[in-house]
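Participant: Next one to model:
(one chain, ligands or ions: 1)
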Amino acid sequence: MKVGIAADHGGFELKETLRTFLTNLGHEVVDFGAHAYESTDDYPDKIIPLAKAVSRKEIERGVAVCGSGVGAAIVANKIPGVRAALINDHFSAHQGVEDDDMNLICLGGRITGNRVAEEFVQAFLEARFSGAERHLRRLNKVIDLEK
Ligand SMILES: O=C(CO)[C@H](O)[C@H](O)COP(=O)(O)O
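Facilitator: Residues are numbered from 1 along each chain as shown. As a prediction, the model looks like this:
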């Protein structure tokens, strides 16, 4: 799968770990930065290009990391077509895709340990939207907001 990743300084270390992890799993990884640790960078500058690439379907799924994952989720959801969520548990990592067609996962580099984050991201990427009528109905109500 073509996967985009991005992080500010709060998520930089975890992003680096996840890039290696995803590459080793055989994914094509597009890194939207930060490309070096810079303690004063701003998460919107890193996450918006990733979210726009998801929105334009240039990449299939996105992984965004900041310190808490909160800012990443807030800004990513401003981009039409992006369905992002801050994930702190394994169930939501796959259920968010299966029920809600989540296409961008947000993680807290200061919250979630590397191995746990890897498991969340793997569950996210292996999940597929169920397409069940009730979920489609709800998803369409979300998509209608963007018209
Ligand atoms: O988590 C974040 C946004 O939700 C940021 O990574 C965090 O706010 C950065 O903080 P600081 O500039 O104090 O390192």
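
Participant: Is any residue of the helix or strand where L107 lies near the ligand?
Facilitator: Here L107 sits within strand 104-108, counting by DSSP states H and E. No - Strand 104-108 does not reach the ligand (C-beta under 6 Å from any ligand atom); its nearest approach is 6.7 Å. The C-beta positions use only the backbone N, C-alpha and C, and glycine is treated the same way.

Participant: Please name the strands paired to that strand in the sheet, noting orientation.
Facilitator: As defined by DSSP bridges, the strand partners of strand 104-108 come to strand 61-66 (parallel), strand 84-86 (parallel).

Participant: Tell me the first helix or strand C-terminal of the last one.
Facilitator: Looking back up the chat, that one is strand 84-86. Note on strand 84-86: by DSSP H and E, the next helix or strand toward the C-terminus is helix 90-100.

Participant: average model confidence for that next one?
Facilitator: For helix 90-100, mean pLDDT is 98.

Participant: Same question for stretch 129-137.
Facilitator: Regarding stretch 129-137, the rounded mean pLDDT is 98.

Participant: What separation is there between the most far-flung residue of the chain relative to its centre and the ligand?
Facilitator: Distance to the chain centre peaks in the chain at E133, reaching 24.9 Å (criterion: C-alpha atoms, centre = their mean). Distance from E133 to the ligand, counting by C-beta to the nearest ligand atom, to the nearest Å: 36 Å.

Participant: How about K78?
Facilitator: Distance of K78 to the ligand, computed by C-beta to the nearest ligand atom: 14 Å.

Participant: how many other residues sit next to that residue?
Facilitator: The criterion is other C-beta atoms under 10 Å. On that basis, K78 has 12 neighbouring residues.

Participant: So what's the model's average confidence on the helix or strand immediately after the strand holding L107 in the chain?
Facilitator: From strand 104-108 onward toward the C-terminus, using DSSP H and E, the following helix or strand is helix 114-126. Helix 114-126 comes out with an average pLDDT of 98.

Participant: so what secondary structure elements neighbour helix 114-126?
Facilitator: Helix 114-126 sits against helix 12-24, strand 61-66, helix 90-100, strand 104-108, with contacts defined as 3 or more C-beta pairs under 8 Å, 6 or more residues apart in numbering; DSSP states H and E.

Participant: Find out how far the helix or strand following it is from the centre of the chain, if you would.
Facilitator: Remark: after helix 114-126, the chain's next helix or strand is helix 133-144, criterion DSSP H and E. Distance of helix 133-144 from the chain centroid (C-alpha atoms, centre = their mean, to the nearest Å) equals 20 Å.
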